[in-house]
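Chemist: need a 3D model of the sequence below.
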Amino acid sequence: MATTARFTARRSKAQVVAPARATPRETKALSDMDDCTYLRHYIGAILFFRPVRHEPPPTDPAEAIRAALAEALVHYYPLAGRLREKPGGRLAVECTAQGAVFVEADADARLEDFGQPALPPYPCIEELVCDVDDYTPVLGNPLLHMQLTRLRCGGFVLSVHTCHNVADGFGLLQFVKAIADLARGEARPAVLPVWNRESMFKARTPGRVRQDIFPGHASGIVTADTLPTPPADMVTQYFRFGPKEIAALRSHLPEHLARSCTVFELLSAFLWRCRTVALGYEPGLPVRLVFRMNARGKYPPIPRGYYGNCVLRPMVEAGVDDLCGKPLGHALELVQRAKLSTTEEHVRSTVDMITALRAHRHLDVDRAFHVVDTTRLGDEKIDMGWATASGGACRSN
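Modeler: The predicted structure follows:
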């Protein structure tokens with residue numbers, strides 16, 4: 001578990017890293033799933049790297065990563081460009097090779113200070129990331145920000161943030177793996193990037209959003225008036241569920257569900273019920289659970305290397321009394337049915353809904369609890385040869 005260590009990172013002046021070689025100068029269109037106002041912010045990942053003793057390390061990991069970043073931007077050259085708004089409000093990426101922001105820093109901390117393994121919440125996380133947040137404008141600004149923080153033990157922390165309009169979490173980590181491949185000495189990334197936004201996820205004309213797939217989607221706007229608890233009174237809290245806690249939850253399920261459900265399904269159902277009770281919604285009101293699910297491997301066929309947004313939003317709705325008054329197994333079955341609903345029509349309805357609400361700052365519905373499983377984002381080991389990732393997490397500001 002993370003400690004209460006306190007430290008201040010000594011940051012160098014931010015540098016702009018351009019692609020290592022000349023890249024095409026062109027304008028790249030975004031897909032209908034990319035091009036929406038609610039994605040106009042930065043998403044990020046923070047990764048903790050431990051030295052590998054059998055490989056000679058570079059003199060300076062920051063210099064090695066900076067050089068690999070410049071090489072990676074040759075392949076991912078749109079990330080070295082800038083986001084522009086065209087007439088009519090559509091977004092596009094101008095591939096200008098202006099580069100990405102890179103900051104190197106030093107901190108009087110050790111990998112052990114962030115837990116074994118490194119799991120959030122991390123102490124002094126604001127010292128480990130670049131100065132980007134929800135209020136940082138994305139139009140005309142660098143699409144990629146990176147900070148490498150050297151630690152006393154020889155390890156380092158790498159944080160990477162990119163504009164959500166150009167990449168989702170899977171796409172961002174694909175780019176980080178490309179940097180790792182090049183830092184390891186490979187001639188090119190193991191997975192070459194694919195843009196292909198012009199033909200992916202196009203909305204239908206006219207759009208058709210099925211209410212049975214997205215109940216309550218019509219407004220796309222949530223206000224504080226719909227919340228029984230004022231936002232100022234809400235808190236962010238981390239809960240850790242180990243084998244003992246998971247076993248205790250499974251004991252409340254019928255045997256067939258206890259054997260078949262995943263940990264994610266179980267925790268989603270459990271936390272949905274707990275949150276609904278805690279917020280004190282009136283009996284009879286509908287409440288919703290919304291998943292964020294990777295569309296890769298589903299319809300339409302998504303080419304390997306595609307790093308744009310392709311996140312589905314399966315949704316399930318239940319009455320407050322129904323959800324909280326019945327056993328946990330009932331909520332779990334609702335969750336499992338929603339996960340199985342990602343058909344071709346679900347994908348098309350998702351794109352149509354996003355396009356219809358493209359101008360809205362928040363793509364949401366009333367009384368919705370959003371859950372996402374980020375444990376599979378790091379399925380493949382991030383290996384630089386002389387250092388490997390030993391923990392980390394995705395983060396959205």
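
Chemist: for the closest residue to residue 16 other than its chain neighbours, report the pLDDT, please.
Modeler: Excluding the flanking residues, the one nearest residue 16 by CB to CB, 6 or more residues apart in numbering is residue 99, at 4.3 Å. In short, each C-beta sits where N, CA and C put it, glycine included. The model reports residue 99 with a pLDDT of 98.

Chemist: who touches residue 99 in this structure?
Modeler: 16, 17, 18, 19, 73, 80, 142 (CB atoms under 8 Å, 6 or more residues apart in numbering).

Chemist: residue nearest the centroid of the protein?
Modeler: Taking CA atoms, centre = their mean, the centroid of the chain lies closest to residue 169, which sits 3.7 Å from it.

Chemist: surely it and residue 394 touch.
Modeler: Yes: under the criterion of CB atoms under 8 Å, residue 169 makes contact with residue 394 at 4.9 Å.

Chemist: on that earlier part again, residue 87 versus the residue nearest to the centre of the chain, what's the distance?
Modeler: Computed as CB to CB, to the nearest Å, the residue 169 to residue 87 distance reads 31 Å.

Chemist: what of residue 141?
Modeler: Distance of residue 141 to residue 87, given as CB to CB: 20 Å.

Chemist: and what of residue 59?
Modeler: 50 Å.

Chemist: between those two, which one's more packed in?
Modeler: residue 59 (8 against 5; other CB atoms under 10 Å).

Chemist: I figured residue 115 hits residue 390, correct?
Modeler: No: contact between residue 115 and residue 390 fails when scored by CB under 8 Å: they sit 10.2 Å apart.

Chemist: for residue 42, list the residues it contacts.
Modeler: 132, 133, 136, 138, 145, 161, 162, 163, 164, 397.

Chemist: ditto for residue 93
Modeler: If you count contacts by CB under 8 Å, 6+ apart, then residue 93 has 27, 28, 30, 78, 81, 82, 83, 84, 143, 166 around it.

Chemist: next up, identify which helix or strand it is on.
Modeler: Assigned by DSSP states H and E, residue 93 belongs to strand 91-94.

Chemist: just the CA coordinates of that strand, formatted as CSV?
Modeler: Taking C-alpha atoms only, strand 91-94 is exported to CSV below (Å, rounded to 0.1, in the frame of the first residue of the first chain):
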residue,chain,number,x,y,z
LEU,A,91,-12.4,19.3,-35.4
ALA,A,92,-9.4,18.3,-37.4
VAL,A,93,-5.7,17.6,-36.7
GLU,A,94,-3.3,19.9,-38.5
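
Chemist: how about that strand: buried residues?
Modeler: 91, 92, 93, 94 (16 or more other CB atoms under 10 Å).

Chemist: please apply the same query to stretch 328-339.
Modeler: Buried residues in stretch 328-339 (16+ other CB under 10 Å): 328, 329, 330, 331, 332, 333, 334, 335, 336, 338, 339.

Chemist: from those residues, which has minimum pLDDT?
Modeler: residue 339 (84).

Chemist: that one touches residue 265, doesn't it?
Modeler: Yes: contact criterion CB under 8 Å: residue 339 and residue 265 qualify, at 7.0 Å.

Chemist: so where's the stretch 251-397 of the chain shaky on pLDDT?
Modeler: With pLDDT under 70 as the threshold, the stretch 251-397 of the chain has low-confidence stretches at 361-364, 377-380, 395-397.

Chemist: cool, and the stretch 1-150 of the chain?
Modeler: In the stretch 1-150 of the chain (pLDDT under 70), the answer is 1-4, 134.

Chemist: in it, which spans are strands?
Modeler: Assigned by DSSP state E, counting those that start in this stretch, the stretch 1-150 of the chain shows strands spanning 10-11, 15-17, 27-29, 42-51, 82-85, 91-94, 100-106, 144-150.

Chemist: closest one to residue 185 among those?
Modeler: Comparing those by their distance to residue 185 (CB to CB), the top pick is strand 42-51, with 16.3 Å.

Chemist: pairing partners for that closest one, with directions?
Modeler: Strand 42-51 sits in its sheet next to strand 156-163 (antiparallel), strand 387-396 (antiparallel), going by DSSP bridges.

Chemist: for this protein, just list every one of the helices.
Modeler: 61-75, 169-183, 243-250, 255-260, 263-279, 320-325, 328-339, 344-356 (DSSP state H).

Chemist: winner for burial among those helices?
Modeler: helix 169-183 (a mean of 23; mean count of other CB atoms under 10 Å).

Chemist: how near is residue 26 to residue 144?
Modeler: 18 Å.

Chemist: neighbour count: those two, which is higher?
Modeler: Using other CB under 10 Å, the more surrounded residue of residue 26 and residue 144 is residue 144, with 26 against 13.

Chemist: re earlier: in JSON lines, list the helices of the chain along with distance to residue 233.
Modeler: JSON lines is the format used below for those (distance: least, CB to CB, whole Å):
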{"stretch": "helix 61-75", "distance to residue 233": "42"}
{"stretch": "helix 169-183", "distance to residue 233": "30"}
{"stretch": "helix 243-250", "distance to residue 233": "27"}
{"stretch": "helix 255-260", "distance to residue 233": "35"}
{"stretch": "helix 263-279", "distance to residue 233": "10"}
{"stretch": "helix 320-325", "distance to residue 233": "20"}
{"stretch": "helix 328-339", "distance to residue 233": "25"}
{"stretch": "helix 344-356", "distance to residue 233": "31"}
